[in-house]
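A.B. asks: pasted the sequence and its predicted model underneath.
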Amino acid sequence: MSVVNVLGYGVSNAGLQVDASIAMNFVKDNQKSKYMACANPHSLVEAVSDAPFKEALHKADILLPDGAGILLAAKMLNLDVKERVAGTEFFIELTRLCNEQENVNVFFLGSTEEVLANLVIEVSKNFPRVNVCGTYSPPFKAEFSEQDNQAMADAINNADTHVLWVGMTAPKQEKWIYQNKDKLNVNFIGAIGAVFDFYSGSKKRAPEWVCNLGLEWLPRLLREPGRLWKRNFVSSPLFLIAVCKQRLGFSKV
């Protein structure tokens, strides 16, 4: 895995195809609970005051450069990051690779029963050789009990899962993966947040040209200002300040 140092985190600069191929190799080689997370300005700033989240990001086997802010940071730090790799593109590319194999079992954990049902329909339609071996909509609560965690682990393990996709939003999903991965008999786990909503059609993603301009955050902010204002107007400036400090040789996040 080729990585660059962004605020002390090893962010992949290999590009989408290589990132997805590495994940696919985890499955082919029957690895144990390797996992992917996404690095964006908000997550790296939030991790400063959330030690378990910070640990989960540091220990990720693949940390994607998800967000225009990461590409801007790479330019400011003279780092070679080939492209932005968003969770949606990674999910599609790895699922495409799974579709080329035989008997790859995929499990979806998170969101609502309705979203999961639509997600399964879309995946089955677009990737017919991928076996969706199960879904699980966890209880809607701030923290899961040990019984909750064990029920999720049992459902995943009993389904003979190879690839587990977790869509609980950050930082909940990353912390859940890191804290529970040793209970899971899976090869690869991906933390992909809102991808469940986008791919199932429950929420509309920004047009491709908007994403290519690095403005995918804008339509989401306009739709959900109450939830996303902090991400854009607090975390982004703090992230740029931290990047400037790294550029000048001062402290890292």
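C.D. replies: Noted; the coordinates are in hand.
A.B. asks: show me the shaky parts of the protein.
C.D. replies: 203-233, 251-253 (pLDDT under 70).
A.B. asks: strands of that one, start to end?
C.D. replies: 3-6, 9-12, 34-39, 62-65, 105-110, 131-136, 163-167, 188-191 (DSSP state E).
A.B. asks: let's have these in TSV, adding mean neighbour count and distance to residue 80.
C.D. replies: C-beta here means a position set from N, CA and C on the backbone, and glycine is covered the same way. Formatted as TSV, those follow (neighbours: other Cβ atoms under 10 Å; distance: least, Cβ to Cβ, whole Å):
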stretch	mean neighbour count	distance to residue 80
strand 3-6	18	7
strand 9-12	22	11
strand 34-39	26	16
strand 62-65	26	11
strand 105-110	24	32
strand 131-136	19	37
strand 163-167	27	29
strand 188-191	28	24
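A.B. asks: between those, which one is nearest to residue 248?
C.D. replies: strand 3-6 (14.6 Å; Cβ to Cβ).
A.B. asks: so what touches that closest one?
C.D. replies: 10-13, 39, 44, 63, 65, 70, 73-74, 77, 79-81, 243, 246 (Cβ atoms under 8 Å, 6 or more residues apart in numbering).
A.B. asks: before we move on, the earlier item: the strands of the chain: which one's closest to residue 235?
C.D. replies: Using Cβ to Cβ, the nearest of those to residue 235 is strand 34-39, at 12.5 Å.
A.B. asks: name the helices or strands packed onto the closest one?
C.D. replies: helix 16-28, helix 51-58, strand 62-65, helix 172-180, strand 188-191 (3 or more Cβ pairs under 8 Å, 6 or more residues apart in numbering; DSSP states H and E).
A.B. asks: and residue 99, which of these is closest to it?
C.D. replies: helix 16-28 (10.8 Å).
A.B. asks: that older thread, tell me which of the helices and strands packed on strand 34-39 is the most buried.
C.D. replies: Mean neighbour count (mean count of other Cβ atoms under 10 Å) peaks for strand 188-191 among the helices and strands packed on strand 34-39, with a mean of 28.
A.B. asks: return the residues in contact with residue 94.
C.D. replies: 20, 23, 24, 163, 190.
A.B. asks: mind running it again at 6 Å?
C.D. replies: Counting by Cβ atoms under 6 Å, 6 or more residues apart in numbering, residue 94 touches 20, 23.
A.B. asks: just the CA trace of stretch 7-15, in PDB.
C.D. replies: Below are the C-alpha coordinates for stretch 7-15, written out as PDB (Å, rounded to 0.1, in the frame of the first residue of the first chain):
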ATOM      1  CA  LEU A   7      -1.700  15.200   9.400                       C
ATOM      2  CA  GLY A   8       0.000  12.100  10.600                       C
ATOM      3  CA  TYR A   9      -2.400   9.700   8.900                       C
ATOM      4  CA  GLY A  10      -1.300   7.200   6.200                       C
ATOM      5  CA  VAL A  11      -3.600   8.200   3.300                       C
ATOM      6  CA  SER A  12      -3.500   6.000   0.200                       C
ATOM      7  CA  ASN A  13      -2.200   7.700  -2.900                       C
ATOM      8  CA  ALA A  14      -2.500   4.500  -5.100                       C
ATOM      9  CA  GLY A  15      -5.800   5.500  -6.800                       C
END
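A.B. asks: roughly how far out does it sit from the chain middle?
C.D. replies: Centroid separation for stretch 7-15 versus its chain: 14 Å, with Cα atoms, centre = their mean, to the nearest Å.
A.B. asks: circling back: just put the strands of the chain in TSV and tack on distance to residue 50.
C.D. replies: Shown next, in TSV, are the strands of the chain (distance: least, Cβ to Cβ, whole Å):
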stretch	distance to residue 50
strand 3-6	18
strand 9-12	14
strand 34-39	13
strand 62-65	16
strand 105-110	19
strand 131-136	25
strand 163-167	17
strand 188-191	15
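A.B. asks: out of the ones you listed, nearest to residue 89?
C.D. replies: strand 62-65 (9.1 Å).
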